[in-house]
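Colleague: Sequence and predicted structure are below.
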Amino acid sequence: MRSAALLRLWRSERGVSAIEFAICAPFFILLLLTSVDLMRYIVANDRIELIASQVGGMIAQNNTGTINFKDVQFYHDSAMLTFPQLLSDAYRNRGDWTGSISISMATVDFGPVQKSCGSTCTYTPKMVWSGGNVPRSCSTQMTAVSDTAPPSPTTLPAHIYGPGASVVVDVTYQFVPLLQSKFFSGFTIKRSYYIAPRFVSLIKYSKLAADNAIAQPCPGYT
């Protein structure tokens, strides 16, 4: 009798453990997957910021004053090496690697509104050239915004307004969590980078005969 009672108690405790596991397991799995997605998001943020700075840095290193479609294509495609996740996204979505990322490259020339204005000059940005898979429009009238404002293809931070030119790179990435990829489109990560040309005063775009339309010169700078 005593042995039978102990056996029933053991079976009962085993059943309780199974129920406890069934209740707790989904929460632990959810926590694990959320932690993985959080790390992926942190890495994606870092990679997108790195793409913007690396592409901007490469353009700014130009020492001839002109670039062509081969240069722009190289700058654009370097994103795959910086962030290999783009290739995984393309495989998952059965599309091109550019499907989850937008890269815009441009040179902006700042000219004074009035000549001989000295220290009281105000400057108007003009697009010199624009390129990438989602480029800024040459006709866009860009406005100055706070340096802390989110990146936008129609704005520029106030601190870069001044004499000279600036290389502008905008990168937008659509981050999709593994855990919730079936339910919504994810989060948009935007980063922009601004840098003055290092060796020349202005970098223009030279259109070649075999140009692949990855970039175009803007009116007034052809």
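Modeller: Ah, there it is.
Colleague: contacts and neighbour counts: CA atoms only from here.
Modeller: OK.
Colleague: Do I have it right that Gly164 meets Gly111?
Modeller: Yes - between Gly164 and Gly111 a contact is recorded at 7.4 Å, counting by CA atoms under 8 Å.
Colleague: Tell me which stretches of the protein form strands.
Modeller: 66-67, 101-112, 123-132, 143-145, 155-157, 164-175, 187-195, 204-205, 215-217 (DSSP state E).
Colleague: In the fourth one, which residues are buried?
Modeller: In other words, strand 143-145. Residues of strand 143-145 classed as buried: Ala144, Val145 (neighbour count, 16 or more other CA atoms under 10 Å).
Colleague: Who are the packing partners of it?
Modeller: strand 155-157 (3 or more CA pairs under 8 Å, 6 or more residues apart in numbering; DSSP states H and E).
Colleague: next one: the strand it packs on to chain centre, how far?
Modeller: Remark: strand 155-157 is offset 16 Å from the chain centroid, using CA atoms, centre = their mean, to the nearest Å.
Colleague: can you list contacts of it?
Modeller: Met142, Thr143, Ala144, Val145, Ser146, Asp147, Thr148, Ala149 (CA atoms under 8 Å, 6 or more residues apart in numbering).
Colleague: Adjacent strands (with direction) for that strand?
Modeller: When pairing is defined by DSSP bridges, strand 155-157 lines up against strand 143-145 (parallel).
Colleague: sorry, back to before: dump the strands of the chain into JSON lines; add distance to Arg40 and mean pLDDT as well.
Modeller: What follows is those, written out as JSON lines (distance: least, CA to CA, whole Å; pLDDT from 0 to 100):
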{"stretch": "strand 66-67", "distance to Arg40": "35", "mean pLDDT": "97"}
{"stretch": "strand 101-112", "distance to Arg40": "16", "mean pLDDT": "94"}
{"stretch": "strand 123-132", "distance to Arg40": "25", "mean pLDDT": "95"}
{"stretch": "strand 143-145", "distance to Arg40": "31", "mean pLDDT": "93"}
{"stretch": "strand 155-157", "distance to Arg40": "29", "mean pLDDT": "95"}
{"stretch": "strand 164-175", "distance to Arg40": "9", "mean pLDDT": "96"}
{"stretch": "strand 187-195", "distance to Arg40": "12", "mean pLDDT": "95"}
{"stretch": "strand 204-205", "distance to Arg40": "36", "mean pLDDT": "97"}
{"stretch": "strand 215-217", "distance to Arg40": "31", "mean pLDDT": "97"}
